[in-house]
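[1] Quick one: sequence plus predicted model below, questions after.
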Amino acid sequence: MKIAVLGATGGQGGAVVAALREAGRPVRAVVRDPGESRARALAASGVEVVAADLRDTGSLAAAFDGAAAAFAVTTPFEDGLDAEKEQGVAIVDAAARSALPFLVMASVASADRGTGIPHFETKAHTEKILAASGLPATVVAPTYFYDNVFGELQEVADGEITMALPPDTRLQQVARTDLGRLVASVLDDPARWRGQRIEVASDDPTPAEMARDIGRAAGGQVDYREIPLEAVASASPDMGAMFTYLAEVGYQVDIPALRAAFPEIPWTSYADWAAAQSWPTPGG
């Protein structure tokens with residue numbers, strides 16, 4: 001029986017697909033557009049690809065039908081916060097309608113702490129609906145992703161990275177590969193993980209350490225420059241709220257305990273991750 005993976009052409013879903021295939025598990029990739037290039041590449045590699053709309057219970061139930069389990073992820077970044085809530089409702093309803101044996105729902109670390117961060121609160125909303133449903137499920141809640149820095153590659157080319165955090169503030173982060181392997185491990189042992197909420201971080205570098213590690217990998221000097229929180233909040237109140245939380249409270253993953261719970265995962269340090277990426281040459 002196949003594992004249905006929602007958002008299979010995205011960052012999290014794609015990492016889960018890769019980890020499941022690495023483990024020899026059959027995958028059903030659930031995508032919005034099977035004709036999109038990444039979906040066609042999955043199909044060409046032998047993965048079953050089916051279409052579904054994250055806000056349409058019927059199409060999701062059809063995608064879940066006959067699957068052994070599913071991984072689901074919601075997003076506010078395409079259609080907004082209300083749409084993300086709708087996605088969560090549709091996914092839970094579809095899992096119930098199809099009698100899905102097990103669901104792994106992606107959330108975000110600290111979503112259960114009443115942070116007030118808009119895109120954390122929408123995921124908390126989905127978590128509450130899932131808990132109330134009584135479905136056999138596990139919540140996997142990643143921290144900040146290593147590759148978020150890829151959104152600012154021009155900064156690296158200019159010899160710096162910027163964030164709205166003090167240079168010595170530790171920021172728990174996760175490699176998508178590690179997250180995918182953790183989800184695959186959970187899907188391999190539903191009885192052990194059912195009903196649990198797992199927050200996920202691979203490492204906790206400071207912004208200054210991130211700049212140092214990227215510079216070493218890129219072959220040049222990369223400095224860290226802290227930008228005013230007000231500038232971020234002005235451009236995006238959501239991101240402003242998140243960076244305020246990260247600066248004042250921060251994620252609270254027990255990284256040693258997580259590694260002990262998943263010893264089979266070769267956890268990726270930020271330095272090792274940075275060394276394996278392709279970067280523009282600073283000042284080049």
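    Looks like it arrived, so ask away. Numbering: from 1, shown residues only.
[2] What is the three-state secondary structure of Ala4?
    With DSSP: H, G, I helix; E, B strand; the rest coil as the basis, the three-state label of Ala4 is strand.
[3] Check it and give its pLDDT.
    Note on Ala4: pLDDT of 98.
[4] what separates Gly114 from Asp238, distance-wise?
    Going from Gly114 to Asp238 by C-beta to C-beta, to the nearest Å gives 16 Å. Where C-beta positions appear, they are placed from N, C-alpha and C, glycine not excepted.
[5] Can you pull the phi/psi pair for the residue nearest to Met1 when sequence neighbours are not counted?
    Nearest-residue entry for Met1: Ala68, 3.6 Å, with adjacent residues in sequence omitted and distances by C-beta to C-beta, 6 or more residues apart in numbering. The phi and psi values for Ala68, taken as degrees, to the nearest 10, are phi -80, psi -30.
[6] Have a look at Gly114 and Asp238 and say which one is more surrounded.
    A direct count of neighbours by other C-beta atoms under 10 Å for Gly114 and Asp238 places Asp238 higher, at 19 against 10.
[7] what's near enough to touch Trp193?
    Thr138, Val186 (C-beta atoms under 8 Å, 6 or more residues apart in numbering).
[8] isn't the residue nearest to Met1 right up against Ile3?
    Yes - with contact defined as C-beta atoms under 8 Å, Ala68 counts as touching Ile3 (6.1 Å).
[9] in the stretch 1-150 of the chain, which spans are strands?
    Listed from the start of the chain, the stretch 1-150 of the chain has strands (DSSP state E, counting those that start in this stretch) covering 3-6, 27-31, 48-51, 69-72, 103-106, 137-142, 144-145.
[10] okay if I get those strands as TSV plus distance to Glu199?
    Output for the strands of the stretch 1-150 of the chain, formatted as TSV (distance: least, C-beta to C-beta, whole Å):
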stretch	distance to Glu199
strand 3-6	20
strand 27-31	25
strand 48-51	30
strand 69-72	17
strand 103-106	12
strand 137-142	5
strand 144-145	12
